[in-house]
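Trainee: Requesting a structural model of the entry that follows:
(2 chains)
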Amino acid sequence: MSERSDARLEELYRAHGDRLWRALLGYTGDRDIASDSVAEAFAQALRRGEAIQDPLRWIWRAAFRIAAGELKTTRRSTAPGRTSVSDESPDRRLDLLAALSKLSTKQRGAVILHHYAGYPVKEVAATLGSTSAAVRVHLLRGRKRLRELLEEHDV
Amino acid sequence: MSDLDERLRRLDRLDAPDLWNEIRTREPTRGSEPWPRHRLAVAMLALAVAAAGIAGATWAFTRSTGPKPSSTPNPAASPGVRAFQGTLAFQRSVDGGSFHLIVLDHGVESDLGSGSEPAWSPDGSRIAFLWGYGQGQVSLYIVKPDGSGRRRLATVGGFPGMGPPAWSSDGSTIAIGTGDQGIVIVSKSDGATAVAVHRSGCREFDPTRSPKDHRLTYVAQCDLGVPGSGVRVVGEHDRVIVPDQPGTSYHSLAWSPLGDVIAFQRSVVTAQGPAENHLFLVAPDGSGLRDITRDPTLQDGDPSWSPGGSRLAFESAGKLYYQLWVMDADGSHRVRVTFGEGQRIEDSAPAWRPGS
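Mentor: Got it, this is the predicted structure:
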């Protein structure tokens, strides 16, 4: 890896890393998976150096892909020591995270990427490996479920 | 419920860990291609299972047992709707249900049944649309504006983020952007398909076609080492008119009926807030690139030209649910057309009927 690409990626990390981590926390509900996905995606980008044409887009997609794989793994076996927001962590005070954890993975990914990160529906579809029409349906159903959950919480 | 955007902004209060030292010293341990094709295929298969409801509706639709067309006065009629003197086709989802095609004709709506991503034929007599997503494929249908004459023309390879079809200026063929399989041209008469544009290492999508000649415009996203990502025009040559830039993507191209300008959606990732989705115009030779979305907080997309080329219909998601708007082609005089948020209705992907 060259110093130039290293510096470029550090600059990207300083500018976008926190936001990516928070998006992944919303998507996974798990600080460890969010941190691991961010670190792995950036590490892979560092390894590739100048070979990535659009690092930011590549890193967002890679991080969400890695997180999706981790979610599947943790569903199969719950790793000890995981700090899920659905457990007794301070993040639980963020009722949104608790509500997000009750959505399907696709709905959660669509809501976070579209409404938090601001990606257009087509970009969300590409990131999640889905179609525009399916993403729109995931968004609508996810919002409906969130509304119900948050109203319950507000009561 | 408080506004979802406001709730999501609370995520920004969380302290994120500084991972840079770990990143610098970390040995990558996993696969490195975002959504490699075999994983994408698996994801598409999973999607197909998850979207069983949609698939069921599709099956019913292809068997002509889907929702019957119906005409009703727009329940959300408003000054905005009444002020809109034209005809739009668009897709609607009610409370998270699957998409229906809606024709809004001077304030009166007709539900044409299941469908998405409509596109009017040049003479306004037919609507092409997509339906039946699943297992990496999608079907192209056509229907008359009154809901009669529905038929499936072809089934082609589908891809994530597929946009609407694009008619040729004489109405004889319809182009679809399939991504991995390039821009596919479908014959309206017999459904025969042929690949019009595809380069190895690239994915081509969101075609739009010149109303005056045979030129085709599309978006290309290419692998590293394969030049030419961006908005491209195919005429005598295939060339880039808006090059790809880091953190930027292009979508939803629409060639104006006068042939002098192309509208499109540009998405730019930002560090401090959501990505910005604005509408842009550019001449077919790549000159005159300009942003016509005035308000940076708005999320605009899917532009469609009025028959005279002076106005644009588009979707905007200022308050969570996409609704339809129209504005002058310079971005001024934004007027909202649909008002379904209160009924949890989302309207998107507008197509303005030629001659209306």
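
Trainee: CA atoms for contacts and neighbours, from now on please.
Mentor: Noted.

Trainee: Okay, and the beta partners of the closest residue to B:Leu324 other than its chain neighbours?
Mentor: Nearest non-adjacent residue to B:Leu324, counting by C-alpha to C-alpha, 6 or more residues apart in numbering or on different chains: B:Glu315, 4.7 Å away. Going by DSSP bridges, B:Glu315 is paired in beta bridges with B:Gly301, B:Leu324.

Trainee: Double-check B:Glu315 against B:Arg334; I have them as touching.
Mentor: No - proximity of B:Glu315 to B:Arg334 does not meet the contact threshold set by C-alpha atoms under 8 Å, at 11.4 Å.

Trainee: Which of the two has more residues huddled nearby?
Mentor: B:Glu315 (26 against 16; other C-alpha atoms under 10 Å in any protein chain shown).

Trainee: quick one: the lengthiest helix in chain A to chain centroid distance?
Mentor: Across chain A, the longest stretch assigned as helix under DSSP state H is helix A:3-28. Chain-centre distance of helix A:3-28: 12 Å, with C-alpha atoms, centre = their mean, to the nearest Å.

Trainee: Just the C-alphas of the next helix or strand after it, formatted as PDB.
Mentor: On the C-terminal side of helix A:3-28, the closest following helix or strand by DSSP states H and E is helix A:31-48. Taking C-alpha atoms only, helix A:31-48 is exported to PDB below (Å, rounded to 0.1, in the frame of the first residue of the first chain):
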ATOM      1  CA  ARG A  31     -21.400  -2.500  18.700                       C
ATOM      2  CA  ASP A  32     -18.900  -5.300  18.200                       C
ATOM      3  CA  ILE A  33     -20.200  -6.200  14.800                       C
ATOM      4  CA  ALA A  34     -20.400  -2.500  13.800                       C
ATOM      5  CA  SER A  35     -16.800  -2.000  14.900                       C
ATOM      6  CA  ASP A  36     -15.600  -5.200  13.300                       C
ATOM      7  CA  SER A  37     -17.300  -4.400  10.000                       C
ATOM      8  CA  VAL A  38     -15.900  -0.900   9.800                       C
ATOM      9  CA  ALA A  39     -12.400  -2.100  10.600                       C
ATOM     10  CA  GLU A  40     -12.500  -5.000   8.200                       C
ATOM     11  CA  ALA A  41     -13.900  -2.900   5.300                       C
ATOM     12  CA  PHE A  42     -11.300  -0.200   5.800                       C
ATOM     13  CA  ALA A  43      -8.500  -2.800   6.300                       C
ATOM     14  CA  GLN A  44      -9.500  -4.400   3.000                       C
ATOM     15  CA  ALA A  45      -9.500  -1.000   1.300                       C
ATOM     16  CA  LEU A  46      -6.100  -0.300   2.700                       C
ATOM     17  CA  ARG A  47      -4.800  -3.600   1.300                       C
ATOM     18  CA  ARG A  48      -6.100  -2.700  -2.100                       C
END
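
Trainee: now for helix A:31-48, which elements pack on it?
Mentor: helix A:3-28, helix A:55-76, helix B:20-25 (3 or more C-alpha pairs under 8 Å, 6 or more residues apart in numbering or on different chains; DSSP states H and E).

Trainee: quick one: which of the ones you listed is nearest B:Ala89?
Mentor: Across the helices and strands packed on helix A:31-48, B:Ala89 has its closest neighbour in helix A:55-76 (32.4 Å, C-alpha to C-alpha).

Trainee: Show me what counts as buried in the closest one.
Mentor: Residues of helix A:55-76 classed as buried: A:55-68, A:70-71 (neighbour count, 16 or more other C-alpha atoms under 10 Å in any protein chain shown).

Trainee: swap in stretch B:239-248?
Mentor: Across stretch B:239-248, burial judged by 16+ other C-alpha under 10 Å covers B:Arg239, B:Val240, B:Ile241, B:Val242, B:Pro243, B:Asp244, B:Gly247, B:Thr248.

Trainee: where in the chain is pLDDT low?
Mentor: Just so you know, I chose chain A. A:1-2, A:75-94, A:152-155 (pLDDT under 70).

Trainee: look at chain B instead
Mentor: B:1-3, B:30-83, B:133-135, B:158-161, B:318-320.

Trainee: Leaving out the residues flanking it, which one is nearest to the residue nearest to the spatial centre of chain A?
Mentor: By C-alpha atoms, centre = their mean, chain A has its centre lying nearest to A:Leu24, at 2.6 Å. Spatial nearest neighbour of A:Leu24, excluding adjacent residues (C-alpha to C-alpha, 6+ apart): A:Ala34 at 5.0 Å.

Trainee: Residue 103: how many residues sit nearby?
Mentor: I'll assume chain A. Neighbours around A:Leu103, by other C-alpha under 10 Å: 20.

Trainee: Switch to chain B, please.
Mentor: Residues near B:Val103, counting by other C-alpha under 10 Å, number 27.

Trainee: And for B:Ala271?
Mentor: Neighbour tally, B:Ala271, other C-alpha under 10 Å: 17.
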